[in-house]
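Novice: Would you be able to build a 3D model of this:
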Amino acid sequence: HENDQTPGMHLLTAVARDVDSEQNGQIEYSLPGEYLSDFALGNTSGNLTLSRVVRRSERPFIIFSILASDLATNISQRKTGEAAVIFDVLDDFVILRTTVDVIS
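Specialist: Below you'll find the model as predicted:
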């Protein structure tokens, strides 16, 4: 089955854009700590991959946020956006249900 879970499996790519130039326009992605054992997120690429197989008996669904922050040199001027991600966990695979963008 092509959707079978395997560690390293690519699930999605988070994409954020900043109109600033140079370092102020660079984006860094992050995950909340409680999901670091389940997923890996490239802090500059936004690539979200599966770190381990997640079973439906553990969690029938997974909800978390991916944060995207610009790297403004003045920390007080940094902006952060958030996307809520919901995955349904089936017996052998994970399905992306939805993402919702929240800008802060």
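Novice: going forward, measure contacts between C-alpha atoms and count neighbours the same way
Specialist: Fine.
Novice: The residue nearest to residue 59 when sequence neighbours are not counted and residue 54, how far apart?
Specialist: Once flanking residues are discounted, residue 59 sits nearest to residue 89: 6.9 Å by CA to CA, 6 or more residues apart in numbering. To residue 54, residue 89 is 7 Å away according to CA to CA, to the nearest Å.
Novice: Near the residue nearest to residue 59, how many other residues are there?
Specialist: The number of residues packed around residue 89, counting by other CA atoms under 10 Å, is 21.
Novice: do the same with residue 31
Specialist: Close neighbours of residue 31, defined as other CA under 10 Å, add up to 18.
Novice: surely it meets residue 41?
Specialist: Yes: counting by CA atoms under 8 Å, residue 31 does reach residue 41; the two are 7.0 Å apart.
Novice: partner residues bridging the most centrally placed residue in the chain?
Specialist: With distances taken as CA atoms, centre = their mean, residue 66 lies nearest the centre of the chain, 4.1 Å away. Counting by DSSP bridges, residue 66 forms beta bridges with residue 83.
Novice: wait, what's in contact with it?
Specialist: By CA atoms under 8 Å, 6 or more residues apart in numbering, the residues touching residue 66 are 14, 29, 30, 31, 32, 82, 83, 84, 85.
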